[in-house]
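K.L.:
quick one, what's the 3D model for this:
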Amino acid sequence: MNIRATVPQNLTRAEPVRRSMVTFENISKRFDQKTQSTLAVDAVDLTISRGEFVAFVGPSGCGKTTLLNLAAGLLKPDQGEVWYDGLPLNAVNTNVGYLTQTDALLPWRSVLANVTLPLEIRRVPAAERRQRAFAILDRVGLTSDPITQDLIRKTHALCFQYFDRKGIDPFKERYPITFVLEGTMRAGGGIAIDDNLQTRIAGLFAGGDVTSREKLVGAGPPGGGPASAWAFATGHLAGRSAAKFARSIGGHAATRKVTSAAQVGGGPVSKRDISPDEIIKAVQEEILPLEKNYWRTGTGMSHSLAKFNALWRDVMPGYGHLLQNDRKATARERMRTREAAALLAAGRWIYASANDRTESRGLHRRKDFTEQDPAQDGQHIISGGLNEVWLRRSAHVNTLTQSQGVVH
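P.N.:
Down below sits the predicted model:
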C-alpha cells in the first residue's frame, strides 16, 4: 500500500504552494533491497500551511514515516521536490523538530548527554550546550533530583552565591530578574586591557567581568570555572599592577596634576532634554529583545545603531546630572547619569562590532551569516570612540597595546 494525495480543488498549483510551510511536489520514494523493491510513496502532492495541524493516518508500511523523513530532510525523494517555508529542501532540515515513536535514547549516555546530543552534532560550543540542556531539563522538571542539582551548583558556583545569600532555592522558588544590557560578543567582550591589566587610561587597571576575556576563553562563554579563574587571577594582577604604578610615582602622588577622564555626563546642568531612565529605556528596547539581538541580522543591527547614533548626537552635547538637595542624592543622580551614558556608548560599540563580524562564531550568531568564516580566525574587533565610533581589527590577543596603545 502507498500514499497518494492531491492538492485540494480550492488551491492552485501556483504561488500558494510556494508560500506554504511544507510542500510535497509529485514525490515518489522507493526502497530497494536485495530480494525486493518497495514503493513507499507514489506521486504525492501535498501542501501544509503554517499553523496547520496535520496527521497521517494509515496502516503500517503505507509511507507515513517516509513522508516525515522526507520533510525532515533525512531522505531524498527519487522523484519530485520537497519545499520548506518557500525554499527547496536539499539537506537535513534543522528548522524542524522530529519525535520518533520510541524514545530513541542512547543508553550509554547520561540524561544530560542525550539532551545535548543534537547540539553536539551541530557543533554548538560545549558550555552553551550545557546551559541550554539544563534550561530544558528544568522546564520539564528533571532537575529535582539531588545529584543533578549538585552538578548544576558545582558548574555554576558563582551564580549560586547570590541565591545562598538571599536564602532562595532557585530550583523551587521564583525570583525576580532585571536585565540591564547584553555583551558585545555575548560574554567574550569587554574593556581592552594589556598583559598588566592596564586600560587605555594611565593608572586605571581593570579585572573581572568588565574586562575582555578572550585571552582565556576566545569567543566562548566564560561561565562557571573560567569566570572564577578569570576573576581571581585578574583581581590579583590588577592589584599588583596598580601597586607598582603607585610606587613609580613616589612621593608626588598627592601633588601631581590629574585630568578627569569623564567626557560625557560628568558635569552638572540646570536642565536637560532627556532623563537617564529614558535613555536606558531606549537602549534596552534595542538590546534586550531576542528577535533583535539574539537572532542578529545586518539590517536589524544597522537600524539599532542608527537610533543610538541619533540619540547620542541629539542629547549628549547638553547632557549632565542635576544637582539635588543633598550630597548623597546628587551622588546617586550623577551615577545614574553616567550609567545611562555608558549604556548608550556600549550599545553603539556592541552593534558596530557585531555588524562588522560577518559570520557566526561562538555565541555571536547571525541569521544572514550562519557559518563560521575561517578567514576571520584569530581576528579581534576593537571598538571605541564617543562622538564617532571607530573599529579596528587585531590579530593579537593583547588587544589594547597592539591596536591603539596606552594613553599617558
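K.L.:
regarding stretch 315-332, how distant is the last residue from the first?
P.N.:
21 Å (Cα to Cα, to the nearest Å).
K.L.:
can you show me the helices along this protein?
P.N.:
15-18, 64-71, 111-121, 126-139, 146-155, 157-166, 214-217, 225-249, 276-287, 290-293, 298-315, 327-356, 399-403 (DSSP state H).
K.L.:
let's have these in TSV, adding mean pLDDT.
P.N.:
Output for the helices of the chain, formatted as TSV (pLDDT from 0 to 100):
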stretch	mean pLDDT
helix 15-18	41
helix 64-71	89
helix 111-121	86
helix 126-139	79
helix 146-155	81
helix 157-166	85
helix 214-217	70
helix 225-249	86
helix 276-287	93
helix 290-293	81
helix 298-315	94
helix 327-356	91
helix 399-403	53
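K.L.:
what's the neighbour count on Ile150?
P.N.:
That one is not Ile; residue 150 is Asp. By other Cβ atoms under 10 Å, 10 other residues sit near Asp150. (Glycine included, C-beta is placed from N, CA and C.)
K.L.:
nearest to Tyr175, of the helices of the chain?
P.N.:
Nearest to Tyr175 among the helices of the chain is helix 157-166; the distance by Cβ to Cβ comes to 7.5 Å.
K.L.:
need the helices of the chain in a markdown table (columns: distance to Asp85).
P.N.:
Output for the helices of the chain, formatted as a markdown table (distance: least, Cβ to Cβ, whole Å):
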| stretch | distance to Asp85 |
| --- | --- |
| helix 15-18 | 10 |
| helix 64-71 | 11 |
| helix 111-121 | 20 |
| helix 126-139 | 23 |
| helix 146-155 | 36 |
| helix 157-166 | 37 |
| helix 214-217 | 35 |
| helix 225-249 | 38 |
| helix 276-287 | 27 |
| helix 290-293 | 17 |
| helix 298-315 | 19 |
| helix 327-356 | 26 |
| helix 399-403 | 40 |
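K.L.:
to Phe205, which of those helices lies closest?
P.N.:
Comparing the helices of the chain by Cβ to Cβ, helix 225-249 comes nearest, at 4.2 Å.
K.L.:
quick one: contacts of that closest one?
P.N.:
155, 157-158, 196-198, 202-203, 205-209, 211, 213, 216-217, 222, 253, 256 (Cβ atoms under 8 Å, 6 or more residues apart in numbering).
K.L.:
which among those residues count as buried?
P.N.:
196-198, 203, 205-208, 211, 213, 216-217, 222 (16 or more other Cβ atoms under 10 Å).
K.L.:
closest to Ala126 out of these?
P.N.:
Distances from Ala126 to the buried ones among the contacts of helix 225-249, taken by Cβ to Cβ, are shortest for Val217, at 11.5 Å.
K.L.:
the residue nearest to Tyr175 when sequence neighbours are not counted and Val315: what is the separation?
P.N.:
Nearest non-adjacent residue to Tyr175, counting by Cβ to Cβ, 6 or more residues apart in numbering: Ile168, 5.3 Å away. Distance, Ile168 to Val315, by Cβ to Cβ, to the nearest Å: 39 Å.
K.L.:
so which of those two has more stuff around it?
P.N.:
Val315 (18 against 14).
K.L.:
with adjacent residues omitted, what lies nearest to that one?
P.N.:
Ile274 (4.9 Å).
K.L.:
with Ala345 instead?
P.N.:
Leu386 (6.3 Å).
K.L.:
hang on, the earlier thing: okay, the residue nearest to Val315: pLDDT?
P.N.:
On the pLDDT scale, Ile274 is placed at 90.
K.L.:
show me the shaky parts of the stretch 1-150 of the chain.
P.N.:
1-19 (pLDDT under 70).
K.L.:
and the pLDDT at Val407?
P.N.:
pLDDT at Val407 comes out at 37.
K.L.:
so who does the residue nearest to Ala345 touch?
P.N.:
263-264, 312, 316, 345.
K.L.:
which of the residues you listed count as buried?
P.N.:
264, 312, 316, 345.
K.L.:
the residue nearest to Val315: how many residues sit nearby?
P.N.:
Around Ile274 there are 15 residues (other Cβ under 10 Å).
K.L.:
distance of it from Val140?
P.N.:
45 Å.
K.L.:
same thing with Arg50?
P.N.:
26 Å.
K.L.:
tell me the contacts of the most far-flung residue of the chain relative to its centre?
P.N.:
Most distant residue from the mean C-alpha position of the chain: Thr35, 52.1 Å away (Cα atoms, centre = their mean). For Thr35, the contact set (Cβ under 8 Å, 6+ apart) is empty.
K.L.:
ok, the one 5 residues further on next?
P.N.:
Residues counted as contacts of Ala40 (Cβ under 8 Å, 6+ apart) are 2, 29-31, 61, 63, 66.
K.L.:
do that again at 6 Å, thanks
P.N.:
29, 31, 63, 66 (Cβ atoms under 6 Å, 6 or more residues apart in numbering).
K.L.:
which two among those residues are spaced furthest apart?
P.N.:
Phe31 and Gly63 (10.3 Å).
K.L.:
how about the buried ones among the contacts of Leu386 in CSV, adding distance to Val180?
P.N.:
Converted to CSV, the buried ones among the contacts of Leu386 look like this (distance: Cβ to Cβ, whole Å):
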residue, distance to Val180
Val264, 18
Trp312, 19
Met316, 20
Ala345, 14
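K.L.:
go through those residues and say which is closest to Thr178.
P.N.:
Ala345 (20.5 Å).
K.L.:
Ser394 is in contact with His380, correct?
P.N.:
Yes. Using Cβ atoms under 6 Å, His380 makes contact with Ser394 at a distance of 4.8 Å.
K.L.:
who's more crowded, those two?
P.N.:
His380 (25 against 18).
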